[in-house]
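> Sequence and predicted structure are below.
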Amino acid sequence: MNHLISPHLHKVILLHVSCKLIFGNQYSIICDLANNEFIRLPVQLTKDLFLNNHTYNSLIESELYDTIYLYDLFEKLIGKNYLNFYDDTLLSDFDINLLEPYSIVNCIIEFNIELIKYYPKVIRQLNKLQCRDIQLRFYSQVKLSQLISFLKLFNSSSIMNIDIILPYSHNVIDDISNHLTIINRVTRVIVFASDRNDVVQVKQISVMFVIQEIKNNKHCGFIHPNYFNSSFRNYTENINYNSCLNRKISIDYHGMIKNCPSLSNSFGNIKTTQLDDVLKNCHFTALWFINKDKIRICKDCEFRYICTDCRAYLSEPLDILSKPLKCGYDPYRGIWKDWKSLVECLDAINYYEL
Ligand code: SF4
Ligand code: SF4
């Protein structure tokens, strides 16, 4: 008997306070908020482990599960510090209400050289709103001098992280090494239309090379386990709010102010409209409150509080509460498929001309 398990054979199994259970239709996950990890288990096993007052010994005696499987699972869960063994003492829970000062957390700007004179005003407004993260999208080549002078607008701003999406060029890595690394706020650059899929770290910047072409905002909204985030911050926000659009504002290529560039609804143009006036519009903020518990199918999915969301590309385009189109997961069977191959997605794929 493993020395980790043997002291706890007769003790009721409890989950560590920094771990949360999320139940789906067939599976559940133990979400480790402290280490941004999760483990997926069948629903009934999770209930037997944590909700039915079992001990390790009583589970073995029940003969509900294979002994070796249980032993390995316990070893894994104890090794990860997911379990607490107290005779009958419940641990106190923690407050999951996240308090943050930002009126806007992130902003997407689709760069358009013709709007360049309006961007300083936009960035001053974002600063006033204490915006924290920016994603700058360049769908076509941009001169290095233009990029640098644009990035300099963020000096002394509230922005802490700048993500840049730009097309591949022969000197892109030199430009990043020699010029972008000087700007501390730039933390990630996605280089599309590259000759390879690869990630390299250049000082503080994570540079992702992707073969895929990104010509417009239709290349957004993909749901994939690689994008899951089980951090405390993400989990607490996703329980109550939309995991993509909460406290997001976007400026599309034409300067239209939107929740996200891919959505058709706009709330004025940066030439004439102040961002803080848009935030007062309840139609703009309504999408922030569509959490996964309100979305059909997602509400039955074990990944719902660690998953991203998309309200721009929907499995049923006219139903704002339908599942994201670009998700191939079926929580009723617990399997992933390529969403593009699903018959039920065909109409929506045609609708959005994807
Ligand atoms: S709503 Fe969808 S398309 Fe818009 S930013 Fe979010 S994931 Fe992307
Ligand atoms: S069904 Fe919903 S919650 Fe589950 S993985 Fe897909 S988009 Fe995320």
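Yep, that arrived. Ligands and ions are numbered 1, 2, ... in the order given.
> give me the element residue 127 is part of.
helix 119-128 (DSSP states H and E).
> average pLDDT across the next helix or strand after that helix?
Tracing the chain past helix 119-128, the next element assigned as helix or strand by DSSP H and E is strand 133-137. Across strand 133-137, the average pLDDT comes to 96.
> Strand 133-137 pairs with which strands?
strand 106-110 (parallel), strand 161-167 (parallel) (DSSP bridges).
> now, of those, which is deepest in the fold?
strand 106-110 (a mean of 23; mean count of other CB atoms under 10 Å). C-beta: built from backbone N, CA, C; applies to glycine.
> Please export the C-alpha coordinates of that strand as PDB.
Output of strand 106-110 as PDB, limited to C-alpha atoms (Å, rounded to 0.1, in the frame of the first residue of the first chain):
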ATOM      1  CA  ASN A 106      -9.800  44.000 -23.100                       C
ATOM      2  CA  CYS A 107     -10.100  45.700 -26.400                       C
ATOM      3  CA  ILE A 108      -9.600  44.500 -30.000                       C
ATOM      4  CA  ILE A 109      -8.600  47.000 -32.600                       C
ATOM      5  CA  GLU A 110      -8.500  46.100 -36.300                       C
END
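> Now do it: everything it contacts.
119, 122, 126, 131-137, 139, 217, 247-253, 260-261 (CB atoms under 8 Å, 6 or more residues apart in numbering).
> Direction-wise, compare that strand with helix 119-128 and give the angle.
170 degrees (axes from the mean of the first three to the mean of the last three CA atoms, to 10 degrees).
> Might one say that residue 40 is in contact with residue 26?
No - between residue 40 and residue 26 there is no contact under CB atoms under 8 Å: 10.1 Å.
> What parts of this protein come near ligand 2?
Residues of the chain found near ligand 2 (CB under 6 Å from any ligand atom) are 223, 292, 297-298, 301, 303-304, 307, 323-324, 327, 329, 331.
> so where's the protein shaky on pLDDT?
1-4, 86-99, 101 (pLDDT under 70).
> switch to 90 and redo it
Applying pLDDT under 90 to the chain flags the ranges 1-18, 52-57, 62-63, 78-79, 81, 83-103, 155-158, 184, 215, 233.
> That'll do, ta.
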